[in-house]
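Colleague: Could you look at this predicted model? Sequence included:
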Amino acid sequence: MTDYGLIAIAAGIAVCAGLGTGIGEGIAASKAVEAVGRNPEAEGKIRTGIALSETVAIYGLLISFLLMFVFPSFIG
């Protein structure tokens, strides 16, 4: 296997971070809707917690882009 093949596999694994994030964010959103229904005054704090979970997927995408487009230039 070439170095480029290993880089492609690593980028694919990095993108898989979005799978767990999607499941977790769905569960968190359903619980947030329940919480806002019970306590509408706390909506701002609840919405901030949901936005934090999206960063994991963005980091995984960023790492995969770095692996695919930046790292091969170091190999040659």
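Modeller: Received the coordinates, thanks.
Colleague: Which positions in the helix or strand where Ala28 lies come out as buried?
Modeller: Ala28 belongs to helix 17-38 when assigned by DSSP states H and E. Residues Ala17, Gly18, Thr21, Glu25, Ala32 are the ones in helix 17-38 that count as buried (16 or more other Cβ atoms under 10 Å). (Glycine included, C-beta is placed from N, CA and C.)
Colleague: Counting by contacts, list what it packs against.
Modeller: helix 43-65 (3 or more Cβ pairs under 8 Å, 6 or more residues apart in numbering; DSSP states H and E).
Colleague: So what touches the helix it packs on?
Modeller: For helix 43-65, contacts defined as Cβ atoms under 8 Å, 6 or more residues apart in numbering pick out 11-12, 14-18, 20-22, 24-25, 28-29, 32, 35-36.
Colleague: Distance of the most centrally placed residue in the chain relative to Ala8?
Modeller: Central residue of the chain (Cα atoms, centre = their mean): Ala57, 1.0 Å from the mean position. Counting by Cβ to Cβ, to the nearest Å, the gap from Ala57 to Ala8 is 19 Å.
Colleague: now Ile7, nearest residue through space, not along the chain?
Modeller: Nearest-residue entry for Ile7: Leu67, 5.3 Å, with adjacent residues in sequence omitted and distances by Cβ to Cβ, 6 or more residues apart in numbering.
Colleague: That neighbour: what's it in contact with?
Modeller: Ile7, Ala10, Ala11, Ala14.
Colleague: The second one: how many residues sit nearby?
Modeller: For Ala10, the tally of surrounding residues (other Cβ atoms under 10 Å) stands at 15.
Colleague: Got the confidence number for it?
Modeller: Note on Ala10: pLDDT of 86.
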